[in-house]
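J.: Here is my input; please provide its structure:
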Amino acid sequence: MTRLHHFAFFDEGSKKEIRRTILKAISIPGYQVPFSSREMPIARGWGTGGLQVTLSIIGKDDVLKVIDQGSDESVNAVNIKKLVEKTTGIAITEGTAEATIIQSRHRIPEQPLTEGQVLVLQVPAPEPLRSVEKSERQTKILHAEEEYSGAWLQLFEQIMKYGQTKTGADHPVYVADRYVMAPSPIPRFDNHKMNHSEALILLGAGREKKIYAVPPYTDVRSLAFEDYPFTVESFVEQACHLCGATDTFLDEIIDADKDKVYYQCNDSHHCLAQVNGAIKGKGDISYA
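T.: This is a model prediction of the structure:
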């Protein structure tokens with residue numbers, strides 16, 4: 001039977017070019033390295049950058065986990081898994097600990113990552129200075145000169161207007177005390193997971209044609225003023241209604257029929273694992 005595609009979709013030349021870009025990104029933590037973004041069988045804006053990184057580094061012995069905003073079963077996550085599985089034949093898992101490569105959109109898993117794992121984050125807007133400087137040429141100069149007053153000014157204006165920073169997701173971070181980096185649209189709650197992470201973190205932006213990285217055990221800190229320290233989303237006095245967790249990122253669920261609001265872990269697999277671990281001798285449960 002004739003194979004109609006290369007292993008992991010790309011030809012070897014394409015994978016080598018992307019891997020060279022990844023190596024350069026690892027060598028200069030937080031620096032955005034341009035690359036020749038390929039056409040993919042999914043639309044740009046649906047994770048093509050992260051997918052290109054994953055397809056370029058994946059091997060036959062790897063195990064892949066794909067999540068989208070904490071869910072293993074979203075349309076985006078399922079379609080990416082189908083493409084990778086069809087073009088590689090590798091094992092797919094929902095377990096964070098079992099995965100060697102984790103591709104994610106908008107979240108870092110709740111379970112701490114370990115040495116040997118690779119986290120690939122999908123990035124829509126890799127340039128943290130784009131909102132203050134539209135010129136790509138000029139942002140390159142600002143990064144080269146380590147001129148980040150525009151990023152600081154944005155935070156200052158938010159404090160003056162709202163009494164606190166209002167960045168929501170994608171709060172900029174300093175990497176290795178050198179580059180200001182967009183961490184992808186992860187919530188502020190996840191920023192600290194990048195700091196001295198045991199896993200390699202790769203970030204890919206297909207539409208913007210950029211790859212950047214945070215090597216293991218790299219210092220990553222969120223931008224903040226000394227008198228207005230960085231804060232994360234607060235879920236004080238709230239707990240997941242399924243597993244009872246109080247230390248995870250929670251989604252607010254509104255039940256209009258019952259006129260009730262409850263909270264649930266955003267990381268669906270982590271939550272389910274906690275529930276199944278707590279119910280011993282009663283069999284596993286699911287969200288179905």
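
J.: Quick check: end-to-end length of stretch 193-210?
T.: Using Cα to Cα, to the nearest Å, the gap from the first to the last residue of stretch 193-210 comes to 22 Å.

J.: now the helices for the stretch 51-200 of the chain?
T.: 75-88, 136-144, 149-162, 188-191 (DSSP state H, counting those that start in this stretch).

J.: which residue packs closest to residue 233, ignoring adjacent ones?
T.: Nearest in space to residue 233, with sequence neighbours left out and distances taken as Cβ to Cβ, 6 or more residues apart in numbering, is residue 189 at 4.9 Å. The C-beta positions use only the backbone N, C-alpha and C, and glycine is treated the same way.

J.: can you pull the pLDDT of that neighbour?
T.: pLDDT for residue 189: 96.

J.: burial of it, as a residue count?
T.: For residue 189, the count of nearby residues is 19 (other Cβ atoms under 10 Å).

J.: thinking it is in contact with residue 251, fair?
T.: No: with contact defined as Cβ atoms under 8 Å, residue 189 does not reach residue 251; the gap is 11.7 Å.

J.: Would you format the helices of the stretch 51-200 of the chain as a markdown table with distance to residue 170 included?
T.: A markdown table is the format used below for the helices of the stretch 51-200 of the chain (distance: least, Cβ to Cβ, whole Å):
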| stretch | distance to residue 170 |
| --- | --- |
| helix 75-88 | 18 |
| helix 136-144 | 16 |
| helix 149-162 | 12 |
| helix 188-191 | 9 |
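
J.: So which of those is nearest residue 111?
T.: Nearest to residue 111 among the helices of the stretch 51-200 of the chain is helix 188-191 (12.5 Å), distances taken as Cβ to Cβ.

J.: That closest one: what's the following helix or strand?
T.: strand 200-205 (DSSP states H and E).

J.: Show residues contacting that following strand.
T.: 22, 25-26, 48-53, 57, 117-126, 183-184, 194, 210-216 (Cβ atoms under 8 Å, 6 or more residues apart in numbering).

J.: go again using 6 Å as the cut-off
T.: 49-50, 52-53, 118-121, 123, 126, 184, 211-214, 216 (Cβ atoms under 6 Å, 6 or more residues apart in numbering).

J.: just stretch 105-113 next, same as before
T.: 47, 68-70, 96, 119, 122, 185-186, 190, 193, 199, 248, 267, 270.

J.: again, only using 8 Å
T.: With Cβ under 8 Å, 6+ apart, stretch 105-113 has contacts from 47, 50, 67-70, 76-77, 96-97, 102, 119, 121-122, 169, 184-187, 190, 193-194, 197-199, 248-249, 265-267, 269-270.

J.: Pull out the buried residues from these.
T.: Buried members of the contacts of stretch 105-113, scored by 16 or more other Cβ atoms under 10 Å, are 47, 50, 67-70, 76-77, 96, 102, 119, 121-122, 169, 184-187, 190, 193-194, 197, 199, 248-249, 265-267, 269-270.

J.: From residue 148, how far out is residue 132?
T.: To residue 148, residue 132 is 10 Å away according to Cβ to Cβ, to the nearest Å.

J.: Cool, thanks, signing off.
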